[in-house]
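>>> Return atomic coordinates for the entry below.
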Amino acid sequence: MSPITPQGGNRMKRGKKYIEAAKLIDRTTLYDPQEAIELVQKTAVAKFDETVEAHIKLGVDSRHADQQVRGAVVLPHGTGKKVRVLVFAKGDKIKEAEEAGADFVGGEELIPKIQNEGWLDFDVVVATPDMMSVVGRLGRVLGPKGLMPNPKAGTVTMDVAKAIADIKAGKIEYRLDKTNIIHVPIGKVSFGAEKLLENFQTLMSAIIKAKPAAAKGQYLKSVAVTSTMGPGIKINTAKLSE
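So this is what the prediction gives:
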């Protein structure tokens with residue numbers, strides 16, 4: 001189900017709570033960012049603290065190298081999720097990573113554990129540049145899951161302490177999927193509208209700055225926010241300065 005057409009017609013049977021929540025939203029309206037965030041909170045009716053996500057469709061073609069949009073940004077209020085960090089390092093950098101709060105640190109010995117045993121109990125992978133030849137052997141496992149370290153995301157670096165600190169503070173990576181949409185968490189419903197809005201605006205500023213020179217026409221095609229179990233709410237892209 002596409003998050004940009006979040007209510008999905010009759011393709012899925014919806015619960016009573018969802019149907020009631022969806023009545024608060026006019027599907028033909030493009031909302032101001034603040035109003036949209038407030039509506040996300042009102043329509044989050046699950047018994048758990050739902051994650052709030054942004055879905056941004058861009059007017060680029062990710063098949064072309066010069067139209068890729070990828071990077072990372074530290075959300076001022078974090079994501080509300082405990083992030084487990086795996087660091088590939090050697091020598092002094094192992095101790096540096098451990099002292100900085102990495103959840104797992106290792107090298108070559110982790111390859112069979114990930115490749116053969118399917119160990120994936122981590123959310124972000126950081127590597128020093130001299131370890132990328134080792135990490136590269138995991139490309140088929142980590143790549144499809146979006147876990148491959150990347151210099152643009154700040155996850156290939158000698159400054160592992162800073163990378164870990166940023167990630168633990170709420171740094172998220174954004175990248176296009178095959179349909180030219182970016183899907184990212186911007187916090188939890190319990191954050192409140194003000195903090196969620198600040199996180200959203202920080203994310204959008206980063207994505208707007210990352211606009212490729214080769215991108216032609218309208219860059220922000222559509223933007224929607226939604227909670228884990230709630231309906232999607234479309235945002236007026238004219239209110240997001242390019």
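>>> What does the nearest residue to residue 171 once chain neighbours are set aside show for phi and psi?
Residue nearest to residue 171 in three dimensions, not counting chain neighbours: residue 74, with 4.5 Å by CB to CB, 6 or more residues apart in numbering. To be clear about C-beta, it is placed using only N, CA and C from the backbone, and glycine gets the same treatment. Note on residue 74: its backbone torsions stand at phi -90, psi 120 [degrees, to the nearest 10].
>>> Could you tell me how many residues sit around residue 74?
The tally of other residues near residue 74 (other CB atoms under 10 Å) stands at 16.
>>> Quick check, it in contact with residue 166.
Yes. Between residue 74 and residue 166 a contact is recorded at 5.5 Å, counting by CB atoms under 8 Å.
>>> ok, back up a step: if I pick the residue nearest to residue 171, what's in contact with it?
166, 169-172, 202 (CB atoms under 8 Å, 6 or more residues apart in numbering).
>>> do that again at 6 Å, thanks
For residue 74, the contacting residues are 166, 169-171, by CB atoms under 6 Å, 6 or more residues apart in numbering.
>>> just residue 79 next, same as before
Residue 79 makes contacts with 170, 185, 187, as judged by CB under 6 Å, 6+ apart.
>>> what about the spatially closest residue to it that is not a sequence neighbour, which helix or strand?
Nearest non-adjacent residue to residue 79, counting by CB to CB, 6+ apart: residue 185, 4.9 Å away. Assigned by DSSP states H and E, residue 185 belongs to strand 181-188.
>>> Who does the helix or strand hosting residue 223 pair with, and is each partner parallel or antiparallel?
Per DSSP H and E, residue 223 falls inside strand 220-227. Partners of strand 220-227 in the sheet, by DSSP bridges, are strand 51-58 (antiparallel), strand 233-235 (antiparallel).
>>> Mind listing what's buried along that strand?
Within strand 220-227, the residues scored as buried using 16 or more other CB atoms under 10 Å are 220, 222-227.
>>> got TSV for these, with distance to residue 105 and pLDDT too?
Formatted as TSV, those follow (distance: CB to CB, whole Å; pLDDT from 0 to 100):
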residue	distance to residue 105	pLDDT
220	39	94
222	41	94
223	38	96
224	38	95
225	36	95
226	36	93
227	35	92
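>>> Distance to residue 89 added to those, as CSV?
Conversion of the buried residues of strand 220-227 to CSV gives the following (distance: CB to CB, whole Å):
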residue, distance to residue 89
220, 38
222, 40
223, 38
224, 39
225, 37
226, 37
227, 37
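>>> what's the neighbour count on residue 151?
By other CB under 10 Å, 10 other residues sit near residue 151.
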